[in-house]
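>>> only geometry, no sequence info:
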């Protein structure tokens with residue numbers, strides 16, 4: 001029961017097909033389930049709440065079907081939690097992690113790599129969490145869904161002329177003027193932004209990364225990240241497999257287990 005769905009599609013069907021279903025935001029269903037004590041493992045809730053994961057799976061499928069951007073939002077939630085406090089995963093799910101008794105927006109923001117980071121900053125940020133350059137490139141592939149606000153990429157589309165495709169920059173300027181429109185959204189993957197695929201990497205090869213940090217993954221210098229980007233454009237199935245592995249690795253950053261933290265009766269507040 002600990003296996004999560006991962007669907008890979010190039011169909012551009014208009015619905016996000018990545019469905020990471022074990023996310024703390026949806027654990028309200030555990031209201032009826034007594035707490036159990038164990039380390040992380042795929043069968044943590046099998047006895048006390050055997051329908052937990054199937055129920056979450058159905059709920060997330062419905063949510064993403066109703067609003068495709070929800071897939072990207074859930075990935076971002078997972079990323080914030082894992083880099084700061086707890087963890088989560090979406091493949092062979094390791095469950096049993098506790099919620100923290102405190103939360104800090106500043107801590108979350110301070111630990112998340114900035115969209116202005118260069119490659120060295122990005123690699124260092126991931127290494128500080130025990131993650132590799134491969135994990136960096138793989139997890140950045142989640143930008144195949146979702147969108148960014150104008151204020152996060154304005155400098156890139158107006159000032160980074162040597163590392164951005166001119167026609168791409170011109171198109172983005174229609175949505176992101178020099179002044180105003182800070183919260184206007186543009187898709188991180190401008191070609192198939194509603195499908196979880198490798199088009200994000202293909203865009204990097206064409207200097208069409210929306211964020212500065214996106215394009216830093218492919219600098220054209222033959223480095224490790226360059227080679228990994230090219231590999232995934234040619235091997236989409238490997239990307240799907242590696243993404244699951246890296247999500248698990250990220251999900252196991254400093255989890256609270258045993259008597260640490262708590263299992264909340266209401267996921268919106270501490271007990």
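Good, I have the coordinates. As the structure is a computational prediction, the values presented were derived from the model and not from experiment.
>>> What about the closest residue in space to residue 138 that isn't next to it in sequence, how many residues nearby?
Nearest-residue entry for residue 138: residue 246, 4.3 Å, with adjacent residues in sequence omitted and distances by Cβ to Cβ, 6 or more residues apart in numbering. C-beta coordinates here come from the backbone N, C-alpha and C atoms, glycine included. By other Cβ atoms under 10 Å, 24 other residues sit near residue 246.
>>> same question, the one 10 residues further on
Applying the criterion other Cβ under 10 Å, we find 18 residues in the vicinity of residue 256.
>>> element containing it?
Under the criterion DSSP states H and E, no helix or strand holds residue 256.
>>> count of neighbours near the residue nearest to it when sequence neighbours are not counted?
With sequence-adjacent residues excluded and distances taken as Cβ to Cβ, 6+ apart, residue 256 is closest to residue 98, at 4.0 Å. Counted with other Cβ under 10 Å, the neighbours of residue 98 add up to 19.
>>> Could you tell me how far residue 200 is located from residue 210?
Residue 200 sits 9 Å away from residue 210, going by Cβ to Cβ, to the nearest Å.
>>> shared neighbours, those two?
Taking Cβ atoms under 8 Å, 6 or more residues apart in numbering as the criterion, residue 200 and residue 210 both touch 143, 188.
>>> Those two: which is more packed in?
More neighbours surround residue 200 than the other of residue 200 and residue 210, with 30 against 26 (other Cβ under 10 Å).
>>> residue contacts, that one?
Shown in contact with residue 200 (Cβ under 8 Å, 6+ apart): 140-141, 143-144, 188-189, 214.
>>> Compute the distance between it and residue 137, please.
Distance from residue 200 to residue 137, counting by Cβ to Cβ: 10 Å.
>>> next one: residue 239
From residue 239 across to residue 137, the span is 10 Å (Cβ to Cβ).
>>> contacts for whichever strand or helix holds residue 123?
In this assignment (DSSP H and E), residue 123 forms part of helix 119-127. For helix 119-127, the external contacting residues (Cβ under 8 Å, 6+ apart) are 113-114, 117, 132-133, 135-136, 213, 216-217, 219, 223, 225.
>>> my read is residue 113 is in a helix, agree?
No - per DSSP: H, G, I helix; E, B strand; the rest coil, residue 113 lies outside any helix segment and is coil.
>>> Excluding chain neighbours, give the residue nearest to it in space.
residue 125 (4.5 Å).
>>> Please tell me how far that neighbour sits from residue 221.
Using Cβ to Cβ, one gets 20 Å for the distance from residue 125 to residue 221.
>>> Equivalent analysis for residue 143, please.
Following Cβ to Cβ, the distance that separates residue 143 from residue 221 is 21 Å.
>>> How about the secondary structure of residue 65?
Residue 65 is classified as helix under three-state DSSP.
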